[in-house]
Structures are given as structure tokens and as C-alpha cells.
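Visitor: Show me how the following folds:
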Amino acid sequence: MLPLPAHRRPRHLSHLLTATLLLCLAARHAIAADDAGDAARKGAAVSVLKAAKSCFDAIVEVSGIVRPREETFVRPERQGLKVTDILADAGDSVTPGQTLARLALPDGGVVQVQAPVAGLISVSTAAIGAVASAKGEALFTIIARSEFDLIGLVPTRDLPKLKVGQPAKIRIIGATMLDGRVTRVAPTVEPNSQLGQATIAVTTSQRLLVNSSARALIKTGQSCGNVGVPLTAVLYGSAGTIVQVVKRDRIETRRVEVGLMSGGQVEIRDGLAEGDVVVARAGALLREGDPVRPVTSADAK
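Guide: Numbering: from 1, shown residues only. Just a heads-up that it's a prediction; the model follows:
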């Protein structure tokens, strides 16, 4: 064969270079497509955790108001006395025998009104020049020994769980968390609301506001031995209560029976075993059989 003319060689070389470049680009796109296919086959990354056994407290919640446990009403023993001096006011703590006010007798004598018990004055109607009597309005109302009760309402289903003597943790507006103890559980319920009354003694040296709202948490039992998962791992729907488990890098939907809840965790009484890998935040975007890449909190660090 005769050699090509010299003026045609550059064009042939140019075609060769172009073809080589196109092959390289095609190979690169193929590799990228394979990588994308691998990522798709591996699925989306999901945060997971292992189901572990835990203990859960059975808690009954009681909501109500703070009331004085015992009130003492202070009046003069005689009739027709005028208030001349007021030595205590609402909000003051008093001791037994402390003088609260002085009253003038018609003949010019003076009578002292004293606190019969220690406690906190909740109400005072005493006014200089006002007439006080043994049968009239009390000059002072004392919360005896500064003791308070939470008078709360409990759903019928929870009332049998309460017993006298059970400890309680009480949250009252304007006060820190307080301790308390159940002192009375009503034997009946209100027919319309189906709520029963429970009385909880409040233990505190703090000054509480009468009629303020309060909430008590009463531990009535404990369940141990079942696994627990975060509340975010549980889905509630028409199909029932489910948890999403990762098995062989694919989503598996489990119907579960839930129990007690405590500290952001929910007890799983049936449907999960210790060590199962659970999706930490279950969601409708994940379905049965979807491929995923499980990521634990330790892997994320």
C-alpha cells in the first residue's frame, strides 16, 4: 500500500485524538453511573441504635390546687372592741402566743389578740378603728403550722393504683420540685367527669400560694426486663404501633406492643428483642424492604 500524503496525516491524528478523548469521557461517565448505582443499592444513611433492656416506672399524674391543710380563725372573745394597733399582717409567719393586734375596751382597757397556733397568716381583715367581736368576721386566718395539701383529681383508671403513704414529686407554680405523700384517696368518683379526688401532703419550708396550680407525679410500680427505645422510634397509625428495624441493611417493619413510658423512652413488651438494630427516628419515608446504610452514634463521631 502506498503511504498517505503528508498533508493528510495531521487530520488523521486529530480524529484519533478526538476518538480517544470521547472514549475517556464515556469511561468516566460509566464509572460515575456505577458509583451512583452502588449508592442507590446501599440506600440512604439512617441513624440506628440497639434495643436494650431497661426499667420503667409506673407513674400516676395528679393535677389540682394547693389548699391549707388546717385553718385557724382568730377573733376577740368579747363583743364591741375597737382595733387600735395591728402588729401582724397577711403573709407573716407567727408563733403561738404572739400578739397580732390590740383592741380597746369601752371602759378604756386594752385586750391583746394572740395567735393560738404557729403558722402563716393567709388573711387579715383587721383595720384601725374597726369594731371586732367574737361572732363577727375573723380578724386573722392562720394556716396552722404552715402545712399545705395538694387536692387533685385522678382518672378512674388510675385511682385504684393510689395508696396512702405513696411518695410523690410535686411541681407548684413559683416553687421548686417538692416532696409529698398521699394521705387520702377518695372511695368514689364524680359521675359526670369520672374523676376521683386524691389528697397529697406537701413537705416544704417554702411559702406557697394558696389556690395555686400544682401537679404531682406518684410512682405506683416498676417494670423491668423488657427492652426500651426512644419515643421517636415508634410510629402510631392505622396499621398499629410499629418500629422500623434494620436487618441485612434493609428496613423491616415490626408491629410492637408498648408499655410504660419514662424519660423519653418507651417500653416494648412484645415485637422486639434485645440487640435488635432500630431506626432512631422512624418515618413514613422508609418502607418495608428499603435498602439503607445504618449509622450509629459511635460511627458518627
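Visitor: can you give me the strands in the stretch 201-301 of the chain?
Guide: 213-230, 234-237, 240-247, 250-255, 257-262, 265-270, 277-279, 292-295 (DSSP state E, counting those that start in this stretch).
Visitor: Which stretch among those is buried most, on average?
Guide: strand 277-279 (a mean of 22; mean count of other Cβ atoms under 10 Å). No exception for glycine: its C-beta is placed from N, CA and C like everyone else's.
Visitor: before we move on, the earlier item: just so I know, which of the strands of the stretch 201-301 of the chain lies nearest residue 132?
Guide: Of all these, strand 213-230 sits nearest to residue 132, with 34.4 Å by Cβ to Cβ.
Visitor: coming back round to it: turn the strands of the stretch 201-301 of the chain into JSON lines, columns for mean pLDDT.
Guide: Compiled in JSON lines, those are given as follows (pLDDT from 0 to 100):
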{"stretch": "strand 213-230", "mean pLDDT": "93"}
{"stretch": "strand 234-237", "mean pLDDT": "90"}
{"stretch": "strand 240-247", "mean pLDDT": "94"}
{"stretch": "strand 250-255", "mean pLDDT": "94"}
{"stretch": "strand 257-262", "mean pLDDT": "91"}
{"stretch": "strand 265-270", "mean pLDDT": "94"}
{"stretch": "strand 277-279", "mean pLDDT": "95"}
{"stretch": "strand 292-295", "mean pLDDT": "94"}
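Visitor: Nearest to residue 145, out of these?
Guide: Of all these, it is strand 213-230 that lies closest to residue 145, at 19.0 Å by Cβ to Cβ.
Visitor: What pairs with the closest one, parallel or antiparallel?
Guide: strand 52-68 (antiparallel), strand 167-172 (antiparallel), strand 265-270 (antiparallel) (DSSP bridges).
Visitor: and that strand, C-alpha only, in PDB?
Guide: Extracted in PDB, the C-alpha atoms of strand 213-230 (Å, rounded to 0.1, in the frame of the first residue of the first chain):
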ATOM      1  CA  SER A 213     -52.000  25.100  90.400                       C
ATOM      2  CA  ALA A 214     -49.900  22.000  91.100                       C
ATOM      3  CA  ARG A 215     -49.000  18.700  89.600                       C
ATOM      4  CA  ALA A 216     -47.900  15.600  91.300                       C
ATOM      5  CA  LEU A 217     -46.100  12.500  89.900                       C
ATOM      6  CA  ILE A 218     -46.700   9.400  92.000                       C
ATOM      7  CA  LYS A 219     -44.700   6.200  91.400                       C
ATOM      8  CA  THR A 220     -47.000   3.300  91.800                       C
ATOM      9  CA  GLY A 221     -44.800   0.500  90.500                       C
ATOM     10  CA  GLN A 222     -41.900  -0.500  88.200                       C
ATOM     11  CA  SER A 223     -41.400  -2.800  85.200                       C
ATOM     12  CA  CYS A 224     -38.000  -4.300  84.400                       C
ATOM     13  CA  GLY A 225     -36.800  -6.900  81.900                       C
ATOM     14  CA  ASN A 226     -38.300  -5.600  78.600                       C
ATOM     15  CA  VAL A 227     -36.400  -3.600  76.000                       C
ATOM     16  CA  GLY A 228     -36.800   0.200  75.600                       C
ATOM     17  CA  VAL A 229     -36.500   2.500  72.600                       C
ATOM     18  CA  PRO A 230     -36.800   6.300  72.200                       C
END
